[in-house]
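>>> sequence unavailable; structure follows:
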């Protein structure tokens, strides 16, 4: 999306700025963070719960979530300003490079995305499988492996790491029952291999910027192809004259988007691009820390996002809103649900104890975009608003439970003509920018992830022969 396209969607810019102003009025501190966060001196003390809750695993300059105040920023840029004035291409560049691009840098980046969107071999391989019978996320993860085969030589036998490459191939051979010392550099790592001659058909570095560009451009092409194949139709080729969001819309729906549709999808992509050390980001970083490559790392992120505790919540919200049935039923439905101590999908967050800033944007965006659509979708947004009023009225003050990013995103995607089965793949399309940015950052000062488990089992058990058991 070219920046001047925002001139055709000023209503969306205005509603984002209104949401920012509302957040500022309610919180009172938006935009008043210190210029630079303090650096960390390792090792550090922290309180850790099950699932590594509260653990601090690394330092990062990519993104910051302030859950207590409901704030989100990428590389120090407030999410409201990025959604109001920027594009997904600019935000992806920002996450990867640490600064917003100049006009020349953005043009060069966009040209790379245009080139990498075309993946004929990858799509041919994908189409040889029964995608219409597969979970969409499984097909997407498979597609990233096909991308790896098309653009790199890493799956060839001659590219396999040798025993001589590894300094320590089995970290468990090192005693770990001592307090970690927090070394500033990696101890167990692969030595740098001698550079191979670059081949015309592939990338020479599957853990560098070019691989990140390739994944940011290619994952949407695969997702759109999966959308079409699941319906028994052939994929569309990307159009070079369209921007990132517009191409995704076109390849999924078979028509060019209106300026409003393009802008709405672009905003949703920005909102989902990064969000701290969530499960899929952590999964990507764990794989990268072994000195595997970014393709496998992103595949791990997709696999983690496939789990219902991470991805798929917006699909569940859509089902719930249809179950509620109408705005008039909302108050009674919420009261009955809360009385049974059941959770309302799309509310509450592991991190946020305030209104999710992404939901602050998506709520008004959904209402705006659904204003002139058919009655079924208008009923959905009206029901969503009444359910929100009932839940917030009951739980916000005492339990700090508010809508999260998933609450309105499903309605927005539905208005854009996207099938619910593709909601989570579309999440991955956006998040690949954050995954690759954090992986790229982490491997610059890599240390393989190796947490410990507390053994609570028995000792000194005697072995019983099988005929005596």
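Noted; the coordinates are in hand. Not measured: the values here are computed from a predicted model.
>>> list the buried residues in stretch 125-140.
125-126, 131, 134, 136-137, 139-140 (16 or more other CB atoms under 10 Å). To be clear about C-beta, it is placed using only N, CA and C from the backbone, and glycine gets the same treatment.
>>> so which of the residues you listed belong to helices?
If you go by DSSP state H, the buried residues of stretch 125-140 have 125-126, 136-137, 139-140 in helices.
>>> show me the domain layout of this structure.
For the chain, automatic domain parsing gives the domain ranges 3-30+69-157+201-309+428-445, 314-415.
>>> of all those domains, which one is nearest residue 421?
Set against residue 421 and scored by CB to CB, those come closest in domain 3-30+69-157+201-309+428-445, at 5.2 Å.
>>> buried set for the helix or strand that contains residue 104?
Assigned by DSSP states H and E, residue 104 belongs to helix 103-117. Residues of helix 103-117 classed as buried: 106, 109-110, 113-114, 116-117 (neighbour count, 16+ other CB under 10 Å).
>>> quick check, nearest of these to residue 210?
residue 116 (8.7 Å).
>>> isn't the closest one right up against residue 217?
Yes - with contact defined as CB atoms under 8 Å, residue 116 counts as touching residue 217 (3.7 Å).
>>> where does the protein have low pLDDT?
1-5, 29-36, 154-207 (pLDDT under 70).
>>> any idea which helix is longest in this structure?
helix 375-399.
>>> buried ones in that helix?
377, 379-388, 390-392, 394-396.
>>> got the residue ranges for the strands in this protein?
Assigned by DSSP state E, the strands in the chain fall at 63-66, 71-74, 77-78.
>>> can you list the strands that the shortest one pairs with?
Using DSSP bridges, the neighbouring strands of strand 77-78 in the sheet come out as strand 71-74 (antiparallel).
>>> in space, what's closest to residue 238 - neighbours in sequence excluded?
Of all residues not flanking residue 238 in the chain, residue 117 sits nearest, at 4.1 Å (CB to CB, 6 or more residues apart in numbering).
>>> residue 227 too?
residue 252 (4.7 Å).
>>> my guess is that neighbour meets residue 413, correct?
No - Residue 252 lies out of contact with residue 413 (CB under 8 Å); the separation is 10.3 Å.
>>> list residues touching both of these two?
residue 422 (CB atoms under 8 Å, 6 or more residues apart in numbering).
>>> number of nearby residues for residue 75?
19 (other CB atoms under 10 Å).
>>> ugh, wrong one, residue 39
Here the number of neighbours of residue 39 (other CB under 10 Å) works out to 7.
>>> contacts only, for it.
Each residue near residue 39 by CB under 8 Å, 6+ apart is listed here: residue 59.
>>> for stretch 13-26, which positions count as buried?
13, 15-16, 19-20, 23.
>>> got the residues you listed as a markdown table, with distance to residue 151 columns?
As requested, the buried residues of stretch 13-26 are arranged in a markdown table below (distance: CB to CB, whole Å):
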| residue | distance to residue 151 |
| --- | --- |
| 13 | 37 |
| 15 | 39 |
| 16 | 36 |
| 19 | 39 |
| 20 | 39 |
| 23 | 41 |
